[in-house]
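> Here is a sequence with its predicted model. Questions after.
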Amino acid sequence: MIDAGQKRLIPGINDAHTHILNERGYNYVVRWDGVPTLSHALGMLSEQAKRTPEGQWVKVIGGWSPYQFEENRFPTLDELRSAVPDRPLIVQYAYNRAFLNNLAMDAFGVGTAKFPALPGTEFEKDADGNYTGIVHGYTFTFISLESMVPQASFDEQVSSITNAINDLNRFGVTSMVDAAALIGFPDGHAPIQALIKENRLNVRFPFIDLQFGDESSASLVDAHIKAVTQRAPISAGQNLHPTMAHGHEYEGAGELLRMELHDHENFDRPAVIIDPDLMREKMVEDLTKLVQHGIPFRMHISYDENISPFLDALESIDRKTPLDGLRWSIEHAETISPASIARVQKLGGGIALDTKMALHGDGFVKTYGVEKAWYTPRLRELVDSGIPLAMTTDAFRASSFNPWTGISWMTTGKSVSGSQILADDNRLTRAEALALFTVGPAWFVQQENEMGRIAPGQLADFALLTKDYFNVPEEEIKTISSVLSVVDGRIVYGAQDYADLAPRLPPTLPEWSPMKYFGGHYGD
């Protein structure tokens with residue numbers, strides 16, 4: 001028996017779109033999630049630079065926003081160089097820009113053919129034409145840079161994934177969907193299988209698959225179908241965990257279905273609009289194969305201009321090969337229109353939103369204006385439509401893994417800067433916002449009769465909160481975390497009076513890891 005002490009109990013949070021498996025180097029990263037001041041953030045870099053060994057980098061890779069700082073700005077290059085004078089340094093802001101010191105510029109080969117200058121990549125230059133160290137770009141630029149720095153060993157990867165999951169548990173996350181990893185199934189899932197063998201997987205781990213980098217196949221979809229039907233046969237809904245329901249379960253293809261159709265989500269730049277004819281042609285070609293194989297799918301699309309031709313393709317397929325209840329969804333959908341919402345609903349799909357506007361909404365306002373931000377996304381209309389709907393974090397690069405940051409934005413309308421960026425009639429009640437992180441995501445993994453409620457017959461996943469979510473002042477919602485998180489009836493995280501109940505984590509690897517000293521989120 002555990003005395004809950006009158007604390008608020010909620011169903012376990014289900015993050016239906018995050019990227020755990022891309023955090024193999026989580027222990028190598030200084031995380032600025034939730035850090036309140038830029039001066040403190042710079043102090044963390046300075047401290048870490050002193051313990052980082054020769055040959056390694058000091059890195060901040062996503063999860064933060066300049067608007068979270070009291071200073072309300074980005075660091076300057078002089079500040080960063082002063083903080084880290086003798087180790088290569090990269091500070092990455094979402095998938096929007098990166099700040100490099102001179103050692104990092106030399107290592108990456110900035111200004112030479114060595115640097116992966118992918119489409120949309122821009123280097124800032126000073127008045128004399130010299131590179132400053134600030135690089136603007138899109139997703140694939142920064143993924144390429146990450147592949148060029150020292151990589152974690154397998155044991156360090158397992159340790160990194162362990163710590164990343166523990167950080168999710170800290171905020172009451174008990175289930176999540178890995179929304180595609182850069183190293184596909186099955187090879188990329190070796191760290192998860194290692195945790196399963198040791199009975200240390202402390203979160204339900206459904207996943208969708210992406211066969212990124214397979215040059216032997218004509219397309220990503222062809223590569224995926226080959227992987228799950230020939231190379232490592234697996235069926236949609238198949239659970240690879242021997243004891244935990246939905247513990248390591250395959251849920252289909254996505255979120256990237258074709259490279260040239262990826263519209264990114266850099267709110268500091270105008271929307272990336274895909275040629276609508278190309279979208280229709282390639283999606284008919286690719287999605288038809290998935291539908292014929294009965295493989296569920298998800299597609300990253302941020303902007304309505306790209307959602308519309310995607311739905312054209314789906315409607316065309318449905319007329320010839322009916323979707324017939326196959327689960328599919330649009331991921332992110334920040335600027336989806338009422339017309340597109342109705343079309344998704346008619347086709348039987350779902351929409352998995354994300355909380356990036358909580359962190360990056362101030363940048364969105366600078367690019368598009370506050371009037372557009374007020375209804376980005378159309379939370380009230382989407383909830384009222386009854387369409388299958390989830391809210392997600394899209395962590396750990398594009399946004400923070402802390403769901404309470406987004407729950408605060410949905411209910412208060414305020415970004416991390418304190419600016420009002422949601423219209424009053426586009427805000428949600430506290431119950432509605434929590435539902436999008438609990439019962440709502442269950443539809444996307446076909447668990448709507450098992451997950452998301454405190455009720456007989458539901459999975460034994462729940463969290464005991466530090467504060468009463470339904471009664472605290474609205475400005476305190478963003479400060480909520482868990483004191484006790486339970487997955488499958490098993491305690492996976494404990495704090496305060498419940499700290500002794502928590503499982504003991506293995507030592508963090510490597511010895512110099514920033515995670516040992518700063519944790520994964522401010523306040524650890």
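Structure received.
> C-terminal to the helix or strand harbouring L382, which secondary structure element comes first?
Using DSSP states H and E, L382 sits in helix 379-385. With elements assigned by DSSP H and E, the helix or strand that comes after helix 379-385 is strand 389-392.
> neighbouring strands for that following strand, and are they parallel or not?
strand 350-354 (parallel) (DSSP bridges).
> Other residues contacting the partner strand?
Here strand 350-354 makes contact (Cβ atoms under 8 Å, 6 or more residues apart in numbering) with 16-17, 298, 327-334, 336, 341, 344, 377, 379, 382, 387-394, 398-399, 406, 436, 441, 443-444. All C-beta atoms are positioned from the backbone trio N, CA, C, and that covers glycine.
> what about 6 Å?
Strand 350-354 is contacted from outside by 16-17, 329-333, 377, 388-392, 394, 443-444, using Cβ atoms under 6 Å, 6 or more residues apart in numbering.
> Among these, which one is most surrounded by other residues?
M391 (32 neighbours; other Cβ atoms under 10 Å).
> Quick check: that one touching T438?
No - the pair M391 / T438 is not scored as a contact, 9.8 Å apart, by Cβ atoms under 6 Å.
> returning to that earlier point: which of the contacts of strand 350-354 lies at the shortest distance from S147?
Proximity of those to S147 (Cβ to Cβ) peaks at D394, which lies at 20.4 Å.
> and stretch 439-455, average pLDDT?
Mean per-residue pLDDT for stretch 439-455: 97.
> Skip the chain neighbours and tell me the closest residue to H17.
The spatial neighbour of H17 that comes closest, neighbours along the chain excluded (Cβ to Cβ, 6 or more residues apart in numbering), is T392 at 3.5 Å.
> Let me see the contact set for that neighbour.
By Cβ under 6 Å, 6+ apart, T392 lies in contact with 15-17, 352, 354.
> Show the pLDDT at it.
At T392, pLDDT is 98.
> do D524 as well
pLDDT, D524: 66.
> Likewise for E475?
Looking at E475, its pLDDT reads 97.
> And it, how far from L21?
35 Å (Cβ to Cβ, to the nearest Å).
> okay, now the nearest residue to F108 once chain neighbours are set aside: neighbour count?
Take F108 and drop its neighbours on the chain: the residue closest to it by Cβ to Cβ, 6+ apart is F115, 5.4 Å away. Neighbour count for F115, taken as other Cβ under 10 Å: 19.
> Which parts of the stretch 351-500 of the chain are helices?
All helices of the stretch 351-500 of the chain, identified by DSSP state H, counting those that start in this stretch, fall at 356-368, 370-373, 379-385, 403-412, 430-435.
> gap between the second one and the chain center?
When you say that, I think you mean helix 370-373. Relative to the centre of its chain, helix 370-373 is centred 24 Å away, using Cα atoms, centre = their mean, to the nearest Å.
> again with the longest one
Once both centres are worked out by Cα atoms, centre = their mean, helix 356-368 turns out to sit 17 Å from its chain's centre.
> how close does the residue lying farthest from the centre of the chain get to L77?
Most distant from the centre of the chain: D128, at 38.7 Å, with distances by Cα atoms, centre = their mean. Distance, D128 to L77, by Cβ to Cβ: 15 Å.
> same question, W57
Counting by Cβ to Cβ, the gap from W57 to L77 is 17 Å.
> Neighbour count: these two, which is higher?
W57 (20 against 17).
> Does the more buried one touch V91 like I think?
No - if you go by Cβ under 6 Å, W57 and V91 don't touch, sitting 10.8 Å apart.
> And the pLDDT at the residue nearest to F108?
Reported pLDDT for F115: 95.
> now G369
According to the model, G369 carries a pLDDT of 98.
> contacting residues around it?
Counting by Cβ under 6 Å, 6+ apart, G369 makes contact with nothing.
> Tell me where the stretch 51-200 of the chain has strands.
In the stretch 51-200 of the chain, the strands defined using DSSP state E, counting those that start in this stretch lie at 58-61, 89-93, 97-100, 122-125, 131-136, 173-179.
> I'd like the ones you listed as CSV, with distance to Q458, mean neighbour count and mean pLDDT appended.
Output for those, formatted as CSV (distance: least, Cβ to Cβ, whole Å; neighbours: other Cβ atoms under 10 Å; pLDDT from 0 to 100):
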stretch, distance to Q458, mean neighbour count, mean pLDDT
strand 58-61, 36, 26, 98
strand 89-93, 39, 27, 98
strand 97-100, 43, 23, 98
strand 122-125, 50, 14, 96
strand 131-136, 46, 19, 97
strand 173-179, 12, 28, 98
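> gap between the two ends of stretch 165-178?
End-to-end distance of stretch 165-178 (Cα to Cα, to the nearest Å): 12 Å.
> what's the answer for stretch 6-13, then?
20 Å.
> With respect to L501, which of the helices of the stretch 351-500 of the chain lies nearest?
Smallest distance to L501 across the helices of the stretch 351-500 of the chain (Cβ to Cβ): 21.9 Å, for helix 403-412.
> Tell me which other helices or strands that closest one touches.
Secondary structure elements in contact with helix 403-412, counted by 3 or more Cβ pairs under 6 Å, 6 or more residues apart in numbering; DSSP states H and E, are helix 356-368, helix 430-435.
> Run the chain-centre distance for it.
Helix 403-412 has its C-alpha centroid displaced from the chain centroid by 15 Å (Cα atoms, centre = their mean).
> okay, now A164: neighbour count?
As a burial measure, A164 scores 26 neighbours (other Cβ under 10 Å).
> residue contacts, the nearest residue to G440 once chain neighbours are set aside?
Spatial nearest neighbour of G440, chain neighbours left out: A390 (4.5 Å); criterion: Cβ to Cβ, 6+ apart. Applying Cβ under 6 Å, 6+ apart, we find A390 in contact with 16, 352, 436, 440-441, 444.
> can you do 8 Å?
Contacts for A390 were tallied using Cβ under 8 Å, 6+ apart; they are 14, 16-17, 350-353, 436-437, 440-441, 443-444.
> Run a quick check on V483 versus I491, I expect a contact.
No - V483 lies out of contact with I491 (Cβ atoms under 8 Å); the separation is 11.0 Å.
> ok, those two, which is more surrounded?
For V483 and I491, the more surrounded residue by other Cβ under 10 Å is V483, and the numbers stand at 23 against 16.
> Can you give me the pLDDT of that one?
Model confidence at V483, given as pLDDT, is 98.
> re the thing from before, quick one: the helices and strands packed on helix 403-412 as JSON lines, columns for distance to P119 and mean neighbour count too.
Converted to JSON lines, these look like this (distance: least, Cβ to Cβ, whole Å; neighbours: other Cβ atoms under 10 Å):
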{"stretch": "helix 356-368", "distance to P119": "19", "mean neighbour count": "23"}
{"stretch": "helix 430-435", "distance to P119": "37", "mean neighbour count": "18"}
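> Mind checking those for the one nearest to E198?
helix 430-435 (32.4 Å).
> and the closest one, what other elements does it pack with?
Contact here means 3 or more Cβ pairs under 8 Å, 6 or more residues apart in numbering; DSSP states H and E; on that basis helix 430-435 packs against helix 403-412.
> The helix it packs on vs strand 350-354, what angle?
100 degrees (axes from the mean of the first three to the mean of the last three Cα atoms, to 10 degrees).
> which residues of the stretch 201-350 of the chain fall in helices?
Under the criterion DSSP H, counting those that start in this stretch, helices of the stretch 201-350 of the chain are mapped to 220-226, 276-292, 304-320, 338-346.
> Switch those over to TSV; also include distance to E71 and mean neighbour count.
Below are the helices of the stretch 201-350 of the chain laid out as TSV (distance: least, Cβ to Cβ, whole Å; neighbours: other Cβ under 10 Å):
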stretch	distance to E71	mean neighbour count
helix 220-226	41	22
helix 276-292	41	18
helix 304-320	34	19
helix 338-346	38	17
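> Take the ones you listed and lay them out in a markdown table including distance to N102.
Listed next are the helices of the stretch 201-350 of the chain as a markdown table, based on distance: least, Cβ to Cβ, whole Å:
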| stretch | distance to N102 |
| --- | --- |
| helix 220-226 | 37 |
| helix 276-292 | 40 |
| helix 304-320 | 39 |
| helix 338-346 | 46 |
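> Nearest to F99, out of the ones you listed?
Comparing these by Cβ to Cβ, helix 304-320 comes nearest, at 29.5 Å.
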